[in-house]
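*Asks:* Build me a structure from this.
(one chain, ligands or ions: 2)
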Amino acid sequence: MARLVLLGALLGALCATAVQGSLDGSQVEAGLGRQLTQDKPHEYNYNRHGIDWRDEGLDNCAGSMQSPINIDMATLNRGEERSDVSGLYLNGLASPAYDVAADVTVNAEQDMKITFKDVAQNNMPAIKIDGSDMLFKPVQLHFHHFLSEHAINGAHYPLEAHLVMGDASGNTNQLAVLGIMYQYGEQPDDFVRRLQTKTIDEIATNGAGYGETVNVTDLSVNIMKDVLPPTHHNYVGYDGSLTTPPCDERVKWHVFTEPRTITTGQLEKFLMITKRGHTDAIVTNNRIVQPIGRPLYHYKLTPASYNYARKGIDWREAGLDNCAGDRQSPINIDTTDLQPGAVSGISLNGLESQSFTFTDAYVNLEQDMKVSFTAPTNNLPTVNIDGNDESFRPIQLHFHHFSSEHTVDGMIYPLEAHLVMASQAENSNQLAVIAIFYQYGSEADDFLTRLHTEAISAQQGNANWGDNNVPINLPITFATDLMPSSTEHWAYEGSLTTPPCDERVRWIVMKEPRTTTAEQMETFKTATVNAHYAAEIANNRAIQERNSRPISSIP
Ligand SMILES: [Zn+2]
Ligand SMILES: [Zn+2]
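*Replies:* Ligands and ions are numbered 1, 2, ... in the order given. Model prediction:
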């Protein structure tokens, strides 16, 4: 019993101290050391599943915002209705390249807590709380086995992992915890297997004992692959507490509703380690569900069929659709290497002076904020291709933000709009895309302001971030809303810059940039990070090889 009490103290101490200071391994270890010499350690075990903690008023365990809880999926509020707390932006955590630790310590006891020594410092998960973005740094990961702590529609799962994250700035003691369920299945979980095997091997070879903290080297943890559920687009968020004493009510909980899979044999290993760690340990380490008495929110995000985690380099490597072709876009425009007229004089003709006004527009409330519209068929702009004037009808407009796709002599603009136009020639699938750069300036762009106002008001109405084809009222007048004052442009033949990367695009890249502001860029970011978990802030494909394609300059 004495040993279990002491380990209880360790758990509570770590949770209580983990967010102070810089959160690196040495701070956490230092906090642990101080707590060991405290006069009055926390005393708890799981014999009554924590009912006694509440009964006896242990620490904050009798509070009104305690965790875990039962989640009744039928009574959830929409995530968008949560006014003071946003959803969780996983940022880098959801990227395949984000390993949070290379070597770790593992408590070879009840919860097999992994403490990260070495956490990536950039691209950390974020939650907007009371209007400001707060970054969270993964601190530790542990398990509740044989019974999950949270229940969904009254049902428990056999295992629940908790990824504990602390305020990366170290300025507050705010915690955010991700809860991940596991269900029984035929396939073992590869990460649980590595964790258990390495811990047991370490004990067998290096003399550390069960019930002790074991140094495990070479156990890297990739959160997306190793911890998150296979489709991590669905979770419940609420305000709650630590589920162990001191039960502090300072946790933003995110409980994923789709489980991972483990085998009964893997559960047996948790039991073996628990039993060897404490002679009188009971099989499960779950606190009983607590009274709710507060709103719960359901976040449902739309998965993207591709993402920008690797800027599309992976599309080419994987041979996705036509993305490995040799006439791909975007490219760098080298203004010292132009071949005038080589692409047979593409001409904008009247487009720059035309004023089409569309009122039946639809916007995608996500990464590229694509606006689709039905343009009239009369008075269409023409592009001169191989000596013939070909009519093109604008079909949609979208944006690449925080990094332009095309670059000019290596220079990147903060925003690039693409006006996509379809050939009106019979049986032609030819596209022409006009690219317009924006540079930072003091003046907001009026058209972007109107677009963003419409998008935000749609989102505050019936639409959600991530929805496609939301109707908006957005008249577009090309000459003033989109085109720069100069009609000078570069032209070349290339491809769509997103899968399927079809090589059927005449590119017209306007030389003169328009102007936007940092504030306007924030709205693109808001739409992007709320729409997709794995979203990167910038949605630009990496520059592609030019492969001796001519670029013409049209004055
Ligand atoms: Zn836990
Ligand atoms: Zn584009």
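*Asks:* For the stretch 451-555 of the chain, list the residues in contact with ligand 2, please.
*Replies:* Thr497 (Cβ under 5 Å from the ion). Any C-beta I mention is one placed from the backbone N, CA and C, and that applies to glycine too.
*Asks:* which SS class is the residue in the chain that ligand 2 sits nearest to?
*Replies:* Nearest residue of the chain to ligand 2, counting by Cβ to the ion: His418, 3.7 Å away. On the three-state scheme (DSSP: H, G, I helix; E, B strand; the rest coil), His418 is labelled strand.
*Asks:* The chain: helices as residue ranges?
*Replies:* 2-17, 25-36, 51-55, 190-206, 264-277, 313-317, 446-460, 478-481, 518-531 (DSSP state H).
*Asks:* which stretch in those is the model least sure about?
*Replies:* When the helices of the chain are ranked by mean pLDDT, helix 25-36 comes last with a mean of 30.
*Asks:* correct me, but the residue of the chain closest to ligand 2 touches Ile434?
*Replies:* Yes. If you go by Cβ atoms under 8 Å, His418 and Ile434 touch, sitting 7.3 Å apart.
*Asks:* who does the residue nearest to Ser220 when sequence neighbours are not counted bridge with?
*Replies:* Nearest non-adjacent residue to Ser220, counting by Cβ to Cβ, 6 or more residues apart in numbering: Asp99, 4.6 Å away. Under DSSP bridges, the beta-bridge partners of Asp99 are Asn222.
*Asks:* so how many other residues sit close to Asp99?
*Replies:* When neighbours are defined as other Cβ atoms under 10 Å, Asp99 has 16 of them.
*Asks:* pretty sure it is in contact with Asp218, am I right?
*Replies:* No. Using Cβ under 8 Å, Asp99 is not in contact with Asp218; the gap is 11.5 Å.
*Asks:* pLDDT below threshold where in this protein?
*Replies:* 1-43, 95-97, 118, 120-122, 232, 301-305, 340-354, 359, 532-535 (pLDDT under 70).
*Asks:* For it, list the residues in contact with ligand 2, please.
*Replies:* 418, 497.
*Asks:* So the chain: which segments form each domain?
*Replies:* 2-300, 313-554 (automatic domain parsing).
*Asks:* okay if I get those domains as CSV plus distance to Tyr306?
*Replies:* Formatted as CSV, the domains of the chain follow (distance: least, Cβ to Cβ, whole Å):
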stretch, distance to Tyr306
domain 2-300, 13
domain 313-554, 5
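*Asks:* show me where the stretch 51-200 of the chain has strands.
*Replies:* 70-71, 77-78, 85-89, 104-107, 114-116, 126-129, 132-145, 151-152, 159-167, 175-184 (DSSP state E, counting those that start in this stretch).
*Asks:* Would you mind giving those strands as a markdown table with distance to Asn462 added?
*Replies:* Putting these into a markdown table (distance: least, Cβ to Cβ, whole Å) gives the following:
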| stretch | distance to Asn462 |
| --- | --- |
| strand 70-71 | 24 |
| strand 77-78 | 10 |
| strand 85-89 | 18 |
| strand 104-107 | 45 |
| strand 114-116 | 41 |
| strand 126-129 | 22 |
| strand 132-145 | 26 |
| strand 151-152 | 27 |
| strand 159-167 | 32 |
| strand 175-184 | 29 |
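*Asks:* Reformat the ones you listed as CSV; add mean neighbour count and distance to Glu503.
*Replies:* Listed next are those as CSV, based on neighbours: other Cβ atoms under 10 Å; distance: least, Cβ to Cβ, whole Å:
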stretch, mean neighbour count, distance to Glu503
strand 70-71, 19, 48
strand 77-78, 12, 42
strand 85-89, 22, 34
strand 104-107, 24, 47
strand 114-116, 23, 45
strand 126-129, 19, 37
strand 132-145, 22, 39
strand 151-152, 20, 47
strand 159-167, 25, 43
strand 175-184, 22, 42
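*Asks:* For Arg504, find the nearest of these.
*Replies:* Arg504 lies closest to strand 85-89 among these, at 35.2 Å (Cβ to Cβ).
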